[in-house]
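In: Make a model of this:
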Amino acid sequence: MWTFGADYPEAIRAYQRALAESGIVTVPAPSPAKLAAATASQFNTWGAQLAAGTASQRFDQASLDAIHTQLVDSGLDVGMVVVDDKWEGEYGKLEHAEDRFPEFERTLERIRGHGRRVGLWAAFLRCDDPATHGLTSADLLRGRDGEPVVLGPADAPYFLFDVTRAGVRAVLRERIAAFVARYRPALVKFDFGYEIPDLTLCAPADLEYAGERLLGLALEVVVGALRAADPDVVVMYYALSPLFAPYVDLHSVDDLWMNAPEYHAEVNRRLFFSRLLAELGVAGYGSGGYDWVHQADIWFDSVACGPLGMLGSFTGDLSDSTCPPELVALHNGLTRLSRRRARFRVDAIGASGLGPVTGARSSSWVRIEDGEPVLVVLRPGGFLGAPGVREFGDLLSTDVAVAVGSVDGGGLAAARRIGVVPRGDGELVLTFLPDGERVDVVVHTLDGDRHETSRAARGGRLVLPLSTAVDGAPVTWVELVREPGES
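Out: The predicted structure follows:
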């Protein structure tokens, strides 16, 4: 199949449309419960584990409890906590390590008790010991020498299940059903499906599924079992191909460990293309790097594309950075603008499509639902060489980086409630309000205070001064309420 467009994104859009129109790719609409989980902001424990020296086999009850306590104390209004590797004991069993996590399930309940959902990392294709499952070495992927492929560090090696074997498929379905019933994850971070070696290194028993078909079969088995156990569980994976859309609910920009200290640049590049999957129903999860240095830019780019994310540490990291109140306020404000839709369009409105060093990137974005702009993110000063954008159509203009979104279900121009999150001091002008219309302005600060005023549009323009603090308290967001009876 060949498709064409005026630029790379448009050519990709044409390809996705062709797949959808031909029925090759179909994505059903999610339930309200699944949608709520898929759009919740996330804190992932992996970065904190690394910073504390408790990754992999050193991850234990005390470490998990400490991370959760630090998250609660931070004030970050996070909707989900994703517990990363290695909460499991033996790979393949999908059960927690009882020696390291004697109160694992109680901790999950404590997380839920704080009003947060629980997500769990899992590498479903890894296996420490096939005998645990009544299987043999014949049920593992084999290398050219005929022996099972061994991956992982020398002190913790593991094998890979061969999903072309009927016994393996049966074990996976049974284990996954028990895993979902016991731990009740709202989201599963399906990690390392891509670590299946290519055909030059190993092959499955059934060569009909050699190459890319092997991962396709693995997705059918794993995701099929997850959804059979709980149709509302959210599956997050890394894959730009639209052929993954029927299996994946969230596209993750992870992992960014090779991009230090340019996490923000790489997230912007990856979102530039992954945003297109939202038109098929797969939103983009905007993770963070392994520090807090550029987290503000990452969240600013992420909010139009999907849920905010982070995997920073509260006890120091490689950059010795912290999460200050101003950053907490930015996160909590942007979550107010987060949308609860699975299918939408995001346009890069300050785009540089090519760059020999920086790659494709954009300074600014607009999210469109049902043909109407609902969220606009502008950077007048540009971003990493991408041109700055000071205005969007006949809706708004600004001299400061800002996110402006409808807090109602519809478009920005018709919204009765509008949210504004500034990243500096300056001015926002809304140009879609009738002359004389009054708007109640509520500035929310991190300390819980509300500062209320009222303003009126003059000459079709509502001028709104913006500041990131009020009396020293960081501003989370500015709520605009159009008074009843005005239009």
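In: what's the helix-or-strand element of the chain with minimal mean pLDDT packed up against?
Out: The least trusted helix or strand in the chain, going by mean pLDDT, DSSP states H and E, turns out to be strand 351-352, with a mean of 90. Where contact means 3 or more C-beta pairs under 8 Å, 6 or more residues apart in numbering; DSSP states H and E, strand 351-352 is packed against strand 361-362. Just so you know, the C-beta spots here come from the backbone N, C-alpha and C atoms, and that holds for glycine as well.
In: any idea which helix or strand comes after the strand it packs on?
Out: Going down the chain from strand 361-362, the next helix or strand is strand 365-369, by DSSP states H and E.
In: chain center to that next one, what's the gap?
Out: Distance of strand 365-369 from its chain centroid, counting by C-alpha atoms, centre = their mean, to the nearest Å, is 17 Å.
In: what angle separates the helix or strand following that strand from strand 365-369?
Out: Tracing the chain past strand 365-369, the next element assigned as helix or strand by DSSP H and E is strand 372-378. Going by axes from the mean of the first three to the mean of the last three C-alpha atoms, to 10 degrees, strand 372-378 is angled at 170 degrees with respect to strand 365-369.
In: counting contacts, what elements does the following helix or strand past strand 372-378 pack onto?
Out: Next helix or strand after strand 372-378 toward the C-terminus (DSSP H and E): strand 391-392. The contact analysis (3+ C-beta pairs under 8 Å, 6+ apart) places strand 391-392 against strand 372-378.
In: Quick check: buried residues in the strand it packs on?
Out: 373-378 (16 or more other C-beta atoms under 10 Å).
In: Show me where the chain has its helices.
Out: 8-21, 32-38, 46-52, 61-74, 104-113, 166-183, 212-229, 263-274, 295-302, 325-337 (DSSP state H).
In: I'd like to know which of the ones you listed is closest to A131.
Out: A131 lies closest, by C-beta to C-beta, to one member of those: helix 166-183, at 11.7 Å.
In: List the contacts of that closest one.
Out: The contact list for helix 166-183 (C-beta atoms under 8 Å, 6 or more residues apart in numbering) reads 92-96, 105, 108, 118, 120, 122, 124, 133-135, 139, 161-163, 185, 221-222, 224-226, 228-230, 233.
In: Buried among these? Need that as a selection in ChimeraX.
Out: Those of the contacts of helix 166-183 that count as buried under 16+ other C-beta under 10 Å are selected in ChimeraX with:
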select :92,93,94,95,96,108,118,120,122,124,133,135,139,161,162,163,185,221,222,225,226,229,230,233
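In: now stretch 405-418: mean pLDDT?
Out: Stretch 405-418 shows a mean pLDDT of 95.
In: Any idea how far it is from the middle of the chain?
Out: That offset, for stretch 405-418, works out to 23 Å (C-alpha atoms, centre = their mean).
In: what's the span of it, first residue to last?
Out: End-to-end span of stretch 405-418 (C-alpha to C-alpha, to the nearest Å): 6 Å.
In: P32: neighbouring residues, count only.
Out: Look at P32: counted by other C-beta atoms under 10 Å, it has 9 neighbours.
In: I'd like the distance from the closest residue to P242 other than its chain neighbours to L250, if you could.
Out: With C-beta to C-beta, 6 or more residues apart in numbering as the criterion, P242 has its nearest non-adjacent residue at 4.9 Å, and that residue is Q16. Q16 sits 17 Å away from L250 when distances are taken as C-beta to C-beta, to the nearest Å.
In: Could you do R438 as well?
Out: Using C-beta to C-beta, R438 is found at 40 Å from L250.
In: Which one of the two is surrounded by more residues?
Out: L250 (23 against 16).
In: now the more buried one, which residues is it bridged with?
Out: M236, A283 (DSSP bridges).
In: Run a quick check on it versus A40, I expect a contact.
Out: No: using C-beta atoms under 8 Å, L250 makes no contact with A40, being 10.3 Å away.
In: Could you tell me which residues touch both of those two?
Out: Shared contacts of L250 and A40 (C-beta under 8 Å, 6+ apart): P307.
In: Next, the angle from the lengthiest strand in the chain to helix 325-337.
Out: Ranked by number of residues, the top strand in the chain under DSSP state E is strand 473-482. Interaxial angle of strand 473-482 relative to helix 325-337 (the same axes, to 10 degrees): 20 degrees.
In: Any chance you could list what contacts strand 473-482?
Out: With C-beta under 8 Å, 6+ apart as the criterion, strand 473-482 contacts 325-326, 328-330, 332-334, 336-337, 407, 415-422, 430, 433, 437, 439-447, 449, 464, 466-469.
In: Could I get the average pLDDT for it?
Out: The pLDDT scores in strand 473-482 average 98.
In: Send over that strand as CSV, restricted to the C-alpha atoms.
Out: Provided in CSV are the C-alpha atoms of strand 473-482 (Å, rounded to 0.1, in the frame of the first residue of the first chain):
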residue,chain,number,x,y,z
ALA,A,473,1.6,30.8,46.2
PRO,A,474,2.1,29.1,42.8
VAL,A,475,-0.9,29.3,40.4
THR,A,476,-2.3,25.9,39.4
TRP,A,477,-4.8,27.1,36.8
VAL,A,478,-7.1,30.0,36.0
GLU,A,479,-10.8,29.1,35.6
LEU,A,480,-12.9,31.3,33.4
VAL,A,481,-16.7,31.0,33.8
ARG,A,482,-18.8,32.8,31.2
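In: now it: how far from the chain's centre is it?
Out: Taking mean C-alpha positions (C-alpha atoms, centre = their mean), strand 473-482 and its chain are 24 Å apart.
In: Please name the strands paired to that strand in the sheet, noting orientation.
Out: Strand 473-482 has the following strand partners under DSSP bridges: strand 417-422 (antiparallel), strand 438-445 (antiparallel), strand 469-470 (antiparallel).
In: how near is the most centrally placed residue in the chain to V443?
Out: Relative to the mean C-alpha position of the chain, the nearest C-alpha, by C-alpha atoms, centre = their mean, is the one of Y285, at 1.6 Å. Y285 sits 29 Å away from V443, going by C-beta to C-beta.
In: Also A37?
Out: Per C-beta to C-beta, A37 is found 31 Å from V443.
In: out of these two, which sits in the busier spot?
Out: A37 (25 against 20).
In: so where's the stretch 101-250 of the chain shaky on pLDDT?
Out: 192-194 (pLDDT under 70).
In: and F314, what does it touch?
Out: By C-beta under 8 Å, 6+ apart, F314 lies in contact with 48, 67, 70-71, 73-74, 322-323.
In: and the residues you listed, which are buried?
Out: For the contacts of F314, buried by 16+ other C-beta under 10 Å: 48, 67, 70-71, 74, 322-323.
In: out of the residues you listed, who's nearest E147?
Out: Using C-beta to C-beta, these come closest to E147 at A48, 37.3 Å.
In: quick one: the closest one and I67 touch, right?
Out: Yes: in this structure, A48 is within contact of I67 by C-beta under 8 Å, at 4.7 Å.
In: what number of residues lie near the closest residue to L462 other than its chain neighbours?
Out: Distances taken as C-beta to C-beta, 6+ apart put L430 closest to L462, at 4.3 Å, once the chain neighbours are dropped. Other residues within reach of L430, judged by other C-beta under 10 Å, total 24.
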